[in-house]
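Asks: Here is my input; please provide its structure:
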Amino acid sequence: MDLVSGYKGVVGLVFGNENSGSNEDSYVERLLDRISNGKLAEDRRSAMIELQAIVAESHGAQLAFGAMGFPVMLAVLKEERDDVEMVRGALEALVGALTPIEHAKGPKNEVQPALMNTDLLSREADSISLLLSLLSEEDFYVRYYTLQLLTALLTNSPNRLQEAILTIPRGITRLMDMLMDREVIRNEALLLLTYLTREAEEIQKILVFEGAFEKIFSIIKEEGGSEGGVVVQDCLQLLNNLLRTNASNQILLRETMGFDPVISILKLRGSTYSFTQQKTINLLSALETINLLMMGGTEADPGKDANKLTNKATLVQKKVLDHLLLLGVESQWAPVAVRCAALQCIGDLIAGQPKNLDILATKVLGEEPQTEPALNSILRILLRTSSMQEFIAADYVFKSFCEKNSDGQTMLASTLIPQPHLMTHAPLEEDVNMSFGSMLLHGLTLSENDGDLETCCRAASVLSHVLKDNVQCKERVIRIELEPPMPSLGASEPLMHRMVKYMALASSMKNKDGKSSTSGNLYVQPIILKLLVTWLADCPNAVHCFLDSRPHLTYLLELVSNSSATVCTRGLAAVLLGECVIYNKSNDNGKDAFTVVDTISQKLGLTSYFLKFDEMQKSFLFTSVKSAQPRKVLTRSTAASMADIEDVDENDSSDQKDEDHPILSAIFDVQFVNLVKKLEGDIRESIVEVYSHPKSKVSVVPAELEQRSGESDGEYIKRLKTFVEKQCSEIQDLLSRNSLLAEDLAKTGGGSNSQPEQRVSGGLDRVQVEKLRRDLQEASQRLEMLKTDKAKIESEASMYRNLAGKMESDLKSLSDAYNSLEQANLYLEKEVRALKGGGPSTIADVEAIKAAAREEAQKDSEAELNDLLVCLGQEQTRVEKLSARLLQLGEDVDTLLEGIGDDVGLPEEGEEEED
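Replies: As a prediction, the model looks like this:
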């Protein structure tokens, strides 16, 4: 079969010929047979060329090749190294078999031959080691196609290839040697190593010890740094792979080459006004490297924090802040993506670093005489930029600057000085000579000129960072008074009142084209609410200032119940209302916590009010917040789209799981979400506390307390005592009921709808439940009384039973004694009758009894006598022994014993005589 007939099978496959699949299988089989069994070299090479062509064009041919061709191709690579053309052809055919055919469109679940062939080839024994050995061949195309084949294998089957390369001796070294090869091969090796090091930590370490850092920076320098082409991008991507999850590699880079080669890439060369797409991608990749160094490693790494601190200190010493400010602040002609990435790096660099915070606070940009503090320049960008991404990045800088930096917050707040009326309403472009605080106040009040609350909203976000967790700054800003828009409108008003007014205006504001700015409202109101929630937290004076204007409370109640407002807006308004309760120290009638709670209960109902918290906590904005959102990894596929970014797409809000604007996900960080959750718990407890205690300084004097005419003092005092006891009982009952109701509502958060009809029915249900509860309590009390009476009666019955038993026992004893006496009496009467009548006497019996007694006494005396004789025998033995011993000692025994027995025996004889 010739080449033309072979392609008929391909045409048949495209146009639906039923026999096309079998034709391709047989065609590929014949070609493989010619390659493996052919005798003529030219015929074999021709078959290899035909095989390359059909495998690169046909799905069916790729499937057939995967089923039959790998053994044949690997045999060529092993046994025919000298035939360069055959080796090239085999490698090219293998690359074609592993490359997806993009123009062929089929069903989504169709088998992908390229993926299947990749898996099959990677399973072939010694296939990876064979390919790596080909990298030492002298032929350029052999090395080039080998690298392409390894890249294709790595793209589709990375884990198996990584494991295989690690087990092959000097496998990584051979790949590293390709970086010193000709440019085309070097670029292919870079791409291969980039894929290889994405998640393989062991390979990353081996590459670094093989000198990867030196070779990467050498190539970047040769290519021209950030002005270079895609090779610089590949080098930086490989560098980032080596540093991303590997703290040891970061330490090695810092202690060997240092960070100077990385920082030098950020230096703008040539025409600083020219930013091609590739230059933008290169700068973004270098900024990603800086960000990875400031992260310090993975969360699981125990030395991450120490490494992070050291990296940040080293970067600041190398003046990286100057380069970041040049890219993010001074180079306003730079692409938005570069400016945003530079600002985010500035925020990361200063976060939690007092020394770095001071350096940024004192940094001055520009040249004399047009110099300006860096923070002022960043604030101007935040207020002026048309890009939402740049606003978010600049806002992140101020968040990092103010976080746990009370001195920095106080410094910024001290510049908040209102400007004269004419300066306050000057265009935004004329704020060059303003202080930071004046510029911020200018941004807060600028909306009154052009009817746009966008600038006010951004300034409010910055002000919330300045006030966060700093009571001193909150107190200072409370005292700021703003002039009215027109002198004829009255006296000045506090800044807080102006912010509430702008928040109310946001719902009715029109854009410059006259249309309602609904998209802007989605984040203007929440951001101003965030400012107010932050401001009132732990600041009773701020609460007092807020409640100084009665309409504020009314507006908040309307906002909480406004069905057209977003879930986030209603929830934050409810939190703000709650802060007016928990931080309210006022005793003024109409402004204290009791009044606020009563107003909430009357206008909204506690059930509906607590429901707003639950809705907010379940919203996508609060459930999706994360403490540290990893930034996207720059790859060839994602770099171009990131370089072209200009703004947040407001249409992305349709992809959100609720109606909140996507910008709020960046503005509402995890710290603010945690603050809101903490406040929610405090609000519930505080409302329970208010319902559980009476309002102070309130006295009620009923008419019944007056002394009646003709009533004595004793009767009057007795009646007053009864009245007070009754009132105390009722008050305690009411307080306990209120406490139970408030606790139930706080725990459940309100499980019903907020519709009026359902709220009324819910109220009736609660009344019935309360009545049933009181009835149950009364029944329980009666039951307890009955149980007490029953126990008392049972105790008395038991006592009487014991007493009856004792009496019965005594009676029985008396009965037995009486019976004994009766028997004795009968016996004596019988004896008396016998004696009187001369009948048989009992004297004989008495004599018998005496005889028996004498006999028994004699037996006892004989026993005692025997015992006495034994004792005398023992004593006699002792006397004999003692006598023998005394004789041995020369004593006269008879003399010693003389008179001893007589003295002892005399009393005994006297006693016997007496007896």
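Asks: hey, where'd the helices end up in the stretch 751-900 of the chain?
Replies: Along the stretch 751-900 of the chain, counting by DSSP state H, counting those that start in this stretch, helices occupy 756-837, 843-889, 893-897, 900-914.
Asks: same for the second one, what does it pack against?
Replies: Right, the one you point to is helix 843-889. Packed against helix 843-889 by the contact rule (3 or more Cβ pairs under 8 Å, 6 or more residues apart in numbering; DSSP states H and E) you find helix 893-897. For the C-beta atoms, the positions are set from N, CA and C on the backbone; glycine is no exception.
Asks: Residue 75 and residue 36 touch, don't they?
Replies: Yes: contact criterion Cβ atoms under 8 Å: residue 75 and residue 36 qualify, at 7.0 Å.
Asks: Just list the residues touching residue 193, thanks.
Replies: The neighbours of residue 193, taking Cβ atoms under 8 Å, 6 or more residues apart in numbering as the test, are 175, 176, 179, 207, 212, 238.
Asks: How far does whichever helix or strand it is part of sit from its chain's centre?
Replies: According to DSSP states H and E, residue 193 maps onto helix 183-196. Here helix 183-196 is found 40 Å from its chain centre; the criterion is Cα atoms, centre = their mean, to the nearest Å.
Asks: switch to numbering from 414
Replies: Sure thing, new numbering starts at 414, so read that last one as helix 596-609.
Asks: Could you look up the next helix or strand downstream of that helix?
Replies: helix 614-622.
Asks: That following helix vs helix 596-609, what angle?
Replies: 140 degrees (axes from the mean of the first three to the mean of the last three Cα atoms, to 10 degrees).
Asks: What is helix 614-622 packed up against?
Replies: Using 3+ Cβ pairs under 8 Å, 6+ apart as the contact test, the elements touching helix 614-622 are helix 571-580, helix 584-590, helix 643-657, helix 660-668.
Asks: What's the separation between residue 471 and residue 1136?
Replies: In this view, residue 471 and residue 1136 are 104 Å apart by Cβ to Cβ, to the nearest Å.
Asks: make that residue 707, sorry
Replies: Separation of residue 707 from residue 1136 (Cβ to Cβ): 74 Å.
Asks: okay, the two: which has more neighbours?
Replies: residue 707 (19 against 13; other Cβ atoms under 10 Å).
Asks: Next one: residue 1213 from residue 1220, what distance?
Replies: From residue 1213 over to residue 1220 the distance is 10 Å, taken as Cβ to Cβ.
Asks: Nearest residue to residue 756 in space, ignoring adjacent ones along the chain?
Replies: Nearest residue to residue 756, sequence neighbours excluded (Cβ to Cβ, 6 or more residues apart in numbering): residue 806, at 3.8 Å.
Asks: what sits against residue 880?
Replies: With Cβ under 8 Å, 6+ apart, residue 880 has these contacts: 822, 826, 886, 887, 890, 944, 947, 948.
Asks: got the residues you listed as CSV, with neighbour count, distance to residue 774 and secondary structure columns?
Replies: Output for these, formatted as CSV (neighbours: other Cβ atoms under 10 Å; distance: Cβ to Cβ, whole Å; DSSP: H, G, I helix; E, B strand; the rest coil):
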residue, neighbour count, distance to residue 774, secondary structure
822, 22, 11, helix
826, 23, 13, helix
886, 24, 15, helix
887, 24, 21, helix
890, 22, 19, helix
944, 25, 22, helix
947, 23, 21, helix
948, 25, 23, helix
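Asks: ok, of the residues you listed, which one's closest to residue 793?
Replies: The closest of the contacts of residue 880 to residue 793 turns out to be residue 826 (Cβ to Cβ; 18.6 Å).
Asks: I figured the closest one hits residue 850, correct?
Replies: Yes: between residue 826 and residue 850 a contact is recorded at 7.1 Å, counting by Cβ under 8 Å.
Asks: buried set for stretch 986-1002?
Replies: For stretch 986-1002, burial by neighbour count (16 or more other Cβ atoms under 10 Å) applies to 986-997, 999.
Asks: end-to-end on that stretch?
Replies: 23 Å (Cα to Cα, to the nearest Å).
Asks: chain center to it: distance?
Replies: On Cα atoms, centre = their mean, the centre of stretch 986-1002 falls 29 Å from the chain's centre.
Asks: that older thread, closest one to residue 1080 out of the contacts of residue 880, please.
Replies: residue 944 (10.7 Å).
Asks: you'd agree that closest one is up against residue 912?
Replies: Yes: at 6.5 Å, residue 944 counts as touching residue 912 under the criterion of Cβ under 8 Å.
Asks: returning to that earlier point: JSON lines for the contacts of residue 880, including pLDDT?
Replies: Listed next are the contacts of residue 880 as JSON lines, based on pLDDT from 0 to 100:
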{"residue": "822", "pLDDT": "96"}
{"residue": "826", "pLDDT": "95"}
{"residue": "886", "pLDDT": "96"}
{"residue": "887", "pLDDT": "96"}
{"residue": "890", "pLDDT": "95"}
{"residue": "944", "pLDDT": "96"}
{"residue": "947", "pLDDT": "96"}
{"residue": "948", "pLDDT": "96"}
